[in-house]
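Chemist: Task: produce atomic coordinates for the following.
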Amino acid sequence: MKSLPGTPGARIVAIGEHRPTRIVTNEEICRNIDSTDEWIRERSGIITRRYAAPDESVVDMATSAASKALAASGVAPADVDLVVLATCTHPYQTPGGSSAVQDRLGAVNAGAMDVNAACAGFAYSLAIANDAVRCGSARHVVVIGSEKMTDFIDPHDRGMAFLFGDGAGAAVVSASPTSGIGPVVWGSEGSHIQTITQEPNYTQVQHALATGESLPPVALRMAGQTVFRWAVTKMAPVAQRALDAAGVRVEELGAFVPHQANLRIVESLVKSLKLPDTVAIARDMETQGNTSSASIPLALSALLERGEVHSGQPALFIGFGAGLTYAAQVVEVP
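Modeler: Below you'll find the predicted structure:
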């Protein structure tokens, strides 16, 4: 994989996951919305999803996934230099969830930061970790995507309620003689921020509490068709740019691991990129739902567990979502 001359390399050395134990079927979702199992499968490819327990938090799931990744990596918590938590569902504006994760891991010498790039958050955070290692600011970075989407979903919203699930995935990124993480291709189309947004915002909630105004519960809202069209038309060129930047051809890929938003989006990207049958395609949303920033590491973990991709093979990541943000890179599978 291409790298800048004279710079150290960085690579993912281990991953870990946390999948909540509660499995929620389409039939259960349909108790609150006018829909059917058949419609949901056709629309999204989702069959089941995981819901976190009421007392199971973003930090809890992040710590679980990161602990497993650290154990698999052999890196001692005290040797971690940075913890990066990608999330858009941590319930506090401040402090960030990453500091709590850093403390629970025992990463006493690490810095900590949250990254909110929504569904592109893990790819953004991986790029930050790669740059930190390659610039010499860190030798070991823990990167986590953790989401409790069910705290921000209206169960009666017919267009949103069936899409999302909870979970966390983590990776340990370490210094390496060679590069295992390709250059990131990222961007944002901020003119479309209203296509996926939280309503009402916290300022409106505070005002309502002070004045007695009645407001609906805080929840995510999405212009689904607009987002779908954007993803299927704009993300394939981004993915191709990431391949070109890494110097990797599609036929060399071992796996394609896109954000698990919707099976129709994934299949459209596979077709646009002309991926051969030799490339394993992540379809983790079928049993996990859309877990936003957690979806890429969870999907990679599932491919590895099933033996569909192997250590050392190149995999193409691409995340995209609210903002509208996007990021893509090629990585060597740990």
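Chemist: From here on, just use CA atoms for contacts and neighbour counts.
Modeler: Fine.
Chemist: contacting residues around the least confident helix or strand in the chain by mean pLDDT?
Modeler: Between all helices and strands in the chain, the lowest mean by mean pLDDT, DSSP states H and E belongs to helix 202-211, at a mean of 86. For helix 202-211, the surrounding residues in contact (Cα atoms under 8 Å, 6 or more residues apart in numbering) are Glu213, Ser214, Leu215.
Chemist: check contacts around the last one.
Modeler: When you say that, I think you mean Leu215. Pro200, Val205, Ala208.
Chemist: Just the buried residues out of those, in ChimeraX syntax.
Modeler: The buried residues among those can be selected in ChimeraX (16 or more other Cα atoms under 10 Å) with this line:
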select :205
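Chemist: what's the closest of the contacts of Leu215 to Phe320?
Modeler: Among the contacts of Leu215, Pro200 lies closest to Phe320 (Cα to Cα), at 22.8 Å.
Chemist: excluding its backbone neighbours, what's nearest the closest one?
Modeler: Val218 (5.5 Å; Cα to Cα, 6 or more residues apart in numbering).
Chemist: Distance of Val59 relative to Ala123?
Modeler: Counting by Cα to Cα, to the nearest Å, the gap from Val59 to Ala123 is 19 Å.
Chemist: before we move on, back to that, would you reformat the contacts of helix 202-211 as JSON lines and include pLDDT, secondary structure and distance to Lys271?
Modeler: Below are the contacts of helix 202-211 laid out as JSON lines (pLDDT from 0 to 100; DSSP: H, G, I helix; E, B strand; the rest coil; distance: Cα to Cα, whole Å):
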{"residue": "Glu213", "pLDDT": "89", "secondary structure": "coil", "distance to Lys271": "49"}
{"residue": "Ser214", "pLDDT": "86", "secondary structure": "coil", "distance to Lys271": "47"}
{"residue": "Leu215", "pLDDT": "85", "secondary structure": "coil", "distance to Lys271": "43"}
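Chemist: Flag the shaky bits of the stretch 151-300 of the chain, pLDDT-wise.
Modeler: Regions of the stretch 151-300 of the chain meeting the criterion pLDDT under 70 are absent.
Chemist: Do a quick rundown of the helices in it.
Modeler: Listed in chain order, the helices of the stretch 151-300 of the chain (DSSP state H, counting those that start in this stretch) span 202-211, 224-246, 263-273, 285-288, 295-305.
Chemist: picking up where we left off before, and which of the contacts of helix 202-211 is nearest Glu17?
Modeler: Looking across the contacts of helix 202-211 and measuring by Cα to Cα, the closest to Glu17 is Leu215, at 36.1 Å.
Chemist: And the closest one, how far from Thr203?
Modeler: Distance from Leu215 to Thr203, by Cα to Cα: 12 Å.
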